[in-house]
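Participant: How does the following fold in three dimensions:
(one chain, ligands or ions: 1)
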Amino acid sequence: MSLAHQHLVILTGASRGMGLAMARQLLTPGRHLLCISRHVAPELEDLARQRGATLLQWSQDLSDPSEAARRLDAWLDPQETRTVASATLINNAGMIPRIGPIDECPAGELAGALRVGLEAPLLLTAAFLRATGHWVAAGWRGPRKVLNISSGLGRRAMAAQAPYCAAKAGLDHFTRCTALDEARREHGARLVSLAPGVIDTDMQEQLRAGDPAAFPDLQRFVELQRQGQLTSPQDAAVRVLAWLERADFGEQPVADVRD
Ligand SMILES: NC(=O)c1ccc[n+]([C@@H]2O[C@H](COP(=O)([O-])OP(=O)(O)OC[C@H]3O[C@@H](n4cnc5c(N)ncnc54)[C@H](OP(=O)(O)O)[C@@H]3O)[C@@H](O)[C@H]2O)c1
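Facilitator: Model (predicted):
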């Protein structure tokens, strides 16, 4: 599938929740959407056909970030890129392991949460910057953007959420550092780590299903839903994708859609 005259968007975690809503909205003619999750979403294939959009879905477990990055590298490298309109990576996939203190969570789950939530975005960003950096070296001048989906919990500590909070805090800080590196490069990429608000997805269900004995903030999440304060995945996707289109995208590398 050629990228000629296409806006390339690579999106992780597109099979459910806000990622699926973003994928639906991104399927328009002129875009080439590459989705990466463990599961593919058959409804996206139908939508792409109806709308004449280009879609590629990879079934890929991001708890093996090296393999995911190698695969992305191998896919981007041979592309004919002179006429690509733009290139964007959205690191959206995330996961919450067992809720509670870290010594009560199996080591494999802790490691998996850090791999999916931090190591995979970092390695995919590196692969994306490396490949598109080669395009730039060959004279390509389209915009390059990386949008990392963070969380308010990357900026505020919460008991029983250490691995998730740590992954999001790491995501924010690697975004800040990489933005500094890219600012020193000719035609560098622009990066933002964006908190998307509180969204009515499986992740919120998982939080509400936490063990009250292990999770002192449980009731807060129950109340958010009860009071109708959750944003729908569709509305959250609209706000996040609008952030990508801002003229000042990247000027503030760490941001919140509610700002
Ligand atoms: N929901 C909220 O209130 C909220 C608040 C702040 C920030 N966020 C952030 O927003 C983003 C989207 O959240 P969401 O609520 O839409 O989450 P969600 O409904 O739980 O969906 C998570 C997505 O990540 C993918 N994913 C999880 N583990 C994966 C793995 N090992 N390999 C590949 N993909 C994996 C899932 O796909 P598969 O299962 O098919 O692999 C799914 O598409 C996340 O980064 C989350 O941390 C959410």
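Participant: Surely Leu34 forms part of a strand?
Facilitator: Yes: under DSSP: H, G, I helix; E, B strand; the rest coil, Leu34 falls within a strand.
Participant: Around the ligand, which positions in the protein sit nearby?
Facilitator: For the chain, the residues in contact with the ligand (Cβ under 6 Å from any ligand atom) are 13-19, 37-39, 61-63, 92-95, 116, 149, 151, 196, 198-199, 201-204. The C-beta positions use only the backbone N, C-alpha and C, and glycine is treated the same way.
Participant: Where do the helices of the stretch 1-150 of the chain begin and end?
Facilitator: Using DSSP state H, counting those that start in this stretch, the helices of the stretch 1-150 of the chain run over 17-26, 42-51, 65-76, 107-114, 120-137.
Participant: Can you add mean neighbour count, distance to Pro143 and mean pLDDT and give the ones you listed back as a markdown table?
Facilitator: Formatted as a markdown table, the helices of the stretch 1-150 of the chain follow (neighbours: other Cβ atoms under 10 Å; distance: least, Cβ to Cβ, whole Å; pLDDT from 0 to 100):
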| stretch | mean neighbour count | distance to Pro143 | mean pLDDT |
| --- | --- | --- | --- |
| helix 17-26 | 23 | 16 | 98 |
| helix 42-51 | 14 | 23 | 96 |
| helix 65-76 | 17 | 16 | 97 |
| helix 107-114 | 16 | 30 | 97 |
| helix 120-137 | 20 | 10 | 97 |
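Participant: between those, which one is nearest to Ala169?
Facilitator: For Ala169, the closest of the helices of the stretch 1-150 of the chain is helix 107-114, at 11.3 Å, according to Cβ to Cβ.
Participant: how many degrees apart are that closest one and helix 120-137 in direction?
Facilitator: 30 degrees (axes from the mean of the first three to the mean of the last three Cα atoms, to 10 degrees).
Participant: same for helix 107-114, what does it pack against?
Facilitator: When contacts are defined as 3 or more Cβ pairs under 8 Å, 6 or more residues apart in numbering; DSSP states H and E, helix 107-114 packs onto helix 162-183.
Participant: Can you list the neighbours in contact with the helix or strand following the helix it packs on?
Facilitator: For helix 162-183, the succeeding helix or strand toward the C-terminus, using DSSP states H and E, is strand 190-195. Residues from elsewhere that reach strand 190-195, judged by Cβ atoms under 8 Å, 6 or more residues apart in numbering: 125, 143-152, 154-155, 171-172, 175-176, 178-179, 182, 240, 243, 249-250, 252-258.
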